[in-house]
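Engineer: Quick one: sequence and predicted model below, then my questions.
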Amino acid sequence: ALEGLDGTRVRSVGVSGQQHGLVALDADRRPLRPAKLWCDVESHAEAEELSRALGQTMGASFTATKVLWLKRHEPEIFAKVRHVLMPKDYFNLWLTGELATEASDASGSGYFDPVRREWDEKALETVDARLAQCLPRLVGPTECVGCVRDEVARLLGLAAGGAVRVAPGGGDNAMSALAAGAVQDGTMVMSLGTSGTLFGCSSTPVVDKSGVICPFCDATAYLPLICTLNCTEVGEDVRKSAGLSHAEITALAAAEEAGCSGLNYLPYLRGERTPNWPQASGALVGIRHDMIGKWGLLYRAALEGVTYSLLAGVNQMKAFGVSKVSELRLVGGGAKNALWGEIIASCFGVPVTVVEEAETAAMGAALQAAAMLKLGAAGEGEGGAKGMKAFMAAHGPPPGKTIQPVAGDAKLYQAAFERHEKLGGKLFG
């Protein structure tokens, strides 16, 4: 990030990090073991136990399950734990020497109340009686965590003497939302990567006890999120089997009609979490004569199938009071495919803007750090959320190309989506 820049001009920094991870430290603030990251699901039994005890489904990715796993499986290490941090909070500790976290990361822990935006005493006691004593202080989105330590400043080529302030930072999705400009109700971000995620700003909290909608917070308000396990790899599997380039297979797919002539690809190659069908598999339904050899049709069916899964998720968000989607911001590797953007726009019935910034999580953290300098103490509380939104509107990266829905395709996509829902329920529900 500093390459080609004069580091001494930097006045604030922010860190974005993956959510849910467990960084366990001893009394001297040294790591006791390698961090257990979000994708570590060894704690699946603990997740089931906590779900029963707390009356709501908690996935094995959440930090609470990993703390309980550590207590059960590595008691000697657990006995030495004095501080429990998220990955980005450990970086902030290294930068400043301060222990702190904020609502976006805390809301992915499993022991945070997103409605009151404070630690959940019942959940903490359920995991361990002394866990509350191991947690860092909670700070607001524009509150300074501390200043970069002199030895770190010299290492990074920054100005020393407390000249560089460190913002709270946040979870990767929350920071991506800032950079993508999703700071108002109705604007959502869709990330097309190995997994598919859909999230956006909500002025009201969403608490889904089924666990399908994650109850996250962000730097402005709340950030309800759904995640599907199967996304870009579904289409890639077809492309590789065809032995075609991205451009070649996309051109073939664009020549096929919306809805794929009645062919549905249920894209659950890895099972699925939204809906919660871990036992599911991929399925092609509605195959007619001469379809198998049509690689463009199969590729388009894959893109449509992934899109329908995300559309089902946003429909569930609406049932919990999330505002109707008025605009989508597209990020991730799949956002480069213009045909896919058109399919998404037409299926959702809203404009889709492709965000040109590749590293939206890092950009969001940098923007938050700049907002912290400008807003200062006045940025806290309800006014802070308003100030943050205004700052992002004025200083966020420029939007990229906007793709409009194809009105004539709406009925075809709606029929295909209804088939997708019915077929999935019959096969795996």
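Structural biologist: Yep, it's here. Note that the structure is predicted; figures quoted are calculated from it, not measured.
Engineer: Pull the residues that contact the helix or strand of the chain with the lowest mean pLDDT.
Structural biologist: Least confident helix or strand of the chain, by mean pLDDT, DSSP states H and E, is helix 381-395 with a mean of 75. Under the contact criterion C-beta atoms under 8 Å, 6 or more residues apart in numbering, helix 381-395 has outside partners 140-142, 178, 181, 183-184, 219-221, 367-368, 370-371, 374-375, 378-379. Placement of C-beta: from N, CA and C, glycine included.
Engineer: contacting residues around the next helix or strand after that helix?
Structural biologist: Next along the chain after helix 381-395, taking DSSP states H and E as the criterion, comes strand 402-403. The contact list for strand 402-403, computed with C-beta under 8 Å, 6+ apart, reads 338, 341, 342, 344, 345, 351, 352, 353, 354.
Engineer: now do stretch 84-92
Structural biologist: Contacts of stretch 84-92 (C-beta under 8 Å, 6+ apart): 15-25, 31, 35, 37, 63, 67, 93, 98-101, 105-106, 108-109, 131, 134-136, 145-146, 166, 168-171.
Engineer: List the buried residues for the helix or strand hosting residue 307?
Structural biologist: Element membership of residue 307 [criterion: DSSP H and E] is helix 295-319. For helix 295-319, burial by neighbour count (16 or more other C-beta atoms under 10 Å) applies to 295-314, 316-317.
Engineer: same thing with stretch 277-293?
Structural biologist: Counting neighbours by 16+ other C-beta under 10 Å, one finds that the buried residues in stretch 277-293 are 277, 280, 282, 283, 285, 291.
Engineer: Narrow those to those in strands?
Structural biologist: The strands, defined by DSSP state E, take in 282, 283, 285 from the buried residues of stretch 277-293.
Engineer: thinking again about what came up before, what packs against the helix holding residue 307?
Structural biologist: Packing contacts for helix 295-319, counted by 3 or more C-beta pairs under 8 Å, 6 or more residues apart in numbering; DSSP states H and E, involve strand 187-192, strand 196-200, strand 222-228, helix 232-242, helix 246-254, strand 264-267, helix 338-348, helix 410-428.
Engineer: State whether residue 329 is indeed within a strand.
Structural biologist: Yes. According to DSSP: H, G, I helix; E, B strand; the rest coil, residue 329 belongs to a strand.
Engineer: Out of the buried residues of stretch 277-293, flag the one nearest to residue 227.
Structural biologist: When the buried residues of stretch 277-293 are compared for distance to residue 227 (C-beta to C-beta), residue 277 wins out at 13.7 Å.
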